[in-house]
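Chemist: return a 3D structure for these sequence lines:
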Amino acid sequence: MKILLLGEYSNVHATLAKGLRQLGHEVTVASNGDFWKDYPRDIDLSRHRGTLGGLALLAKTYSLLPTWRNFDVVQIINPIFIELKAERLFPIYHYLRRYNKKIVLGAFGMDWYWVHECITRKPLRYSDFNIGETIRNDEAALKEQRDWLGTAKGDLNKLIADECDGIVTGLYEYDACYRPHYPQKTCFIPFPIEMPDTNAFTSDSCIHPPVKIFIGISKGRSAYKGTDIMLKAAEDVKKKYPDKLQLIKAEGVPFATYQHLMDGCDAILDQLYSYTPSMNPLLAMSKGIVCIGGGEPENYEILNENELRPIINVLPTYESVYHEIEQLVLHPEQLQELKRQSIEYIRRHHESLKVAREYERFYKQIKGR
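Modeler: Model prediction:
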C-alpha cells in the first residue's frame, strides 16, 4: 500500500512508518517533528514564528498538495494535523478526502472528543479534565476547553470524525471517548515502540542505590499533565532520603537528548491524570525503566493482559505519588521484577512491527468496505 502519515505526536508516526516499511509498504511521513522534539520525517512541515511563518507554511502545504494524491491511506495524527488555524485546514482536509482512497483519523491526544466527553459524559474516574464529578478549573485545563469547545477546531474534528473511513485510538482513554460515537469504525491499536537492539537491564542485574528516577517536563504543560505535583512529591522524597533517590530532569529538550538523559534510570514519572502509559513512558519501559503513572485495570483489560503488572499505578494526588516513590526507594528490590515485566510488556503489546501488522489489517479492512 501507498500510505501518507500526516502530522506527528511523540514519535507515533515516525515509528509506525518504520514498521510499515518493513512489511513492504511505501510510506511518507510529513510533519513538524512534534515541535522541539524534532522526530524524524520525510517532509518537514515546521512553522516559523509569527504571521509570516504561518503564511509560509500555508504556501508550502499548498505546493505539496499535488504530491499528496492517490494514496491508499492518508492517516492524520489529529484534526490539527498541520500547524495552521482550523479554518485553513478545512479545504486541505477536503482536498485529501477527494484525491485519496481512505482517510484515517488518529485519536492520540488533545481534541474535541477528549475535552467534551471528559467534562460532560465523564467516562473516566479521573482525566485531564475531571476528578470524579468535579471539573478541573486550573488555567491549563480551561485553556484547552476554550480552544476546542464551540470553535472551528471542534467543528473540524467533528467533520473529520463523521466523514473519515476509520478512527484509530492509541490509549484506553481515547477509545472510551470515541467508541460510543463511532462504534463501527473505531479501532484500538496500541502505540508502536521500537525495541532496543540490546538492553542494559538483564534479569540478573543488581539494583544499587540510589534509585534513579527520571521526569520529563513539557514546556507550558506541567500543571495540565500533573508534572508539577509529581515533581514536588519526588523532590520531597529526595529531601527525606537524599542518599536513596537521584532525580534526573529533562525540560524542553530534543528527543535525542531526552533519551540520553533517560537511559540508565530505574523509573520514570509521567502523566498524573492518565489511566495508561503514553509514548515516552512506553519507550522507557522498553529499556527496562519502570513507569510510575497510569496503570489502571482498564489499561490491562483493553490489551487482554492478564499476567503482567509492570506499572506502579498512582492516583491523581500528591499523597499517592509520594507514597509510591517512597516505597520504591525503601524497597528497591522490587525493581528487578518490575523492570523484567516492563520489557516483556512492550514486547507483547507495543513492538513496532507487531503494531504495524495491526495497522495493516485495519487498513485492509477499511479498503475492503
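
Chemist: just checking, residue 350 touches residue 171?
Modeler: No - look at residue 350 against residue 171 with Cβ atoms under 8 Å: they stay out of range, at 11.5 Å. All C-beta spots, glycine's among them, are computed from the backbone N, C-alpha and C.

Chemist: now the common contact residues for the two.
Modeler: residue 191 (Cβ atoms under 8 Å, 6 or more residues apart in numbering).

Chemist: ok, the nearest residue to residue 228 once chain neighbours are set aside to residue 139 distance?
Modeler: Spatial nearest neighbour of residue 228, excluding adjacent residues (Cβ to Cβ, 6 or more residues apart in numbering): residue 222 at 4.7 Å. According to Cβ to Cβ, to the nearest Å, residue 222 and residue 139 sit 12 Å apart.

Chemist: likewise residue 330?
Modeler: 36 Å.

Chemist: over to residue 360?
Modeler: 42 Å.

Chemist: neighbour count: those two, which is higher?
Modeler: residue 360 (18 against 8; other Cβ atoms under 10 Å).

Chemist: mind giving me the domain ranges of the protein?
Modeler: 2-192+351-367, 211-349 (automatic domain parsing).

Chemist: how about JSON lines for these, with mean pLDDT added?
Modeler: As requested, the domains of the chain are exported to JSON lines (pLDDT from 0 to 100):
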{"stretch": "domain 2-192+351-367", "mean pLDDT": "97"}
{"stretch": "domain 211-349", "mean pLDDT": "95"}
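
Chemist: where does residue 235 land in three-state SS?
Modeler: Per DSSP: H, G, I helix; E, B strand; the rest coil, the local secondary structure of residue 235 is helix.

Chemist: contacting residues around it?
Modeler: residue 247.

Chemist: repeat for residue 329
Modeler: So residue 329 contacts 209, 210, 211, 237, 241, 244, 245 (Cβ under 8 Å, 6+ apart).

Chemist: now go through these and say which are in strands.
Modeler: Using DSSP state E, 211, 245 are the members of these that sit in strands.

Chemist: from the contacts of residue 329, pick the one nearest residue 26.
Modeler: residue 211 (45.5 Å; Cβ to Cβ).

Chemist: show me where the stretch 51-200 of the chain has helices.
Modeler: 86-99, 112-119, 139-148, 152-163, 172-178 (DSSP state H, counting those that start in this stretch).

Chemist: correction: the stretch 201-350 of the chain
Modeler: 222-225, 227-240, 255-262, 279-286, 297-302, 318-330, 335-349.

Chemist: now, of these, which is deepest in the fold?
Modeler: helix 279-286 (a mean of 24; mean count of other Cβ atoms under 10 Å).

Chemist: compute the inter-axis angle for that helix and helix 255-262.
Modeler: 50 degrees (axes from the mean of the first three to the mean of the last three Cα atoms, to 10 degrees).

Chemist: ok, residues contacting helix 279-286?
Modeler: Under Cβ under 8 Å, 6+ apart, the answer for helix 279-286 is 9-12, 191, 193-196, 214, 216, 258-259, 262, 265, 268, 270-271, 277, 291, 293, 310, 342-343, 345-346, 350.

Chemist: swap the cut-off to 7 Å and go again
Modeler: 10-12, 191, 193, 195-196, 216, 262, 268, 270, 277, 291, 293, 310, 342-343, 345-346, 350 (Cβ atoms under 7 Å, 6 or more residues apart in numbering).

Chemist: narrow those residues to those in strands?
Modeler: Using DSSP E, those in strands are 216, 268, 291, 293.

Chemist: any quick ChimeraX command for the buried ones out of the contacts of helix 279-286?
Modeler: Typed into ChimeraX, the line below selects the buried ones among these, using 16 or more other Cβ atoms under 10 Å:
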select :10,11,12,191,193,195,216,262,268,270,277,291,293,310,342,343,345,346,350
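
Chemist: the residue lying closest to residue 56 once chain neighbours are set aside: how many residues sit nearby?
Modeler: Spatially, and ignoring its direct neighbours in sequence, residue 56 is nearest to residue 48 (6.5 Å; Cβ to Cβ, 6+ apart). Residue 48: 10 surrounding residues under other Cβ under 10 Å.

Chemist: next one: the one 4 residues further on
Modeler: A count of neighbours around residue 52, defined by other Cβ under 10 Å, yields 9.

Chemist: excluding chain neighbours, what is closest to residue 194?
Modeler: That would be residue 352: by Cβ to Cβ, 6+ apart, it lies 4.8 Å from residue 194.

Chemist: surely that neighbour and residue 193 touch.
Modeler: Yes - at 6.1 Å, residue 352 counts as touching residue 193 under the criterion of Cβ atoms under 7 Å.

Chemist: find residues that contact each of the two.
Modeler: residue 15.

Chemist: show me what contacts the closest residue to residue 141 other than its chain neighbours?
Modeler: Among residues not flanking residue 141 along the chain, residue 129 sits closest, at 5.6 Å (Cβ to Cβ, 6+ apart). Remark: with contacts taken as Cβ under 7 Å, 6+ apart, residue 129 is in contact with 115, 118, 119, 135, 136, 141.

Chemist: give me the buried subset of those residues.
Modeler: Buried among these (16+ other Cβ under 10 Å): 115, 118, 119, 136, 141.

Chemist: check those and tell me the two furthest apart.
Modeler: For the buried ones among the contacts of residue 129, the farthest-apart pair by Cβ to Cβ is 115 and 136; their separation is 11.1 Å.

Chemist: residues touching the closest residue to residue 140 other than its chain neighbours, list them.
Modeler: Leaving aside its chain neighbours, residue 140 sits nearest to residue 224 (3.5 Å; criterion: Cβ to Cβ, 6+ apart). Residues near residue 224 by Cβ under 7 Å, 6+ apart: 128, 140, 141.
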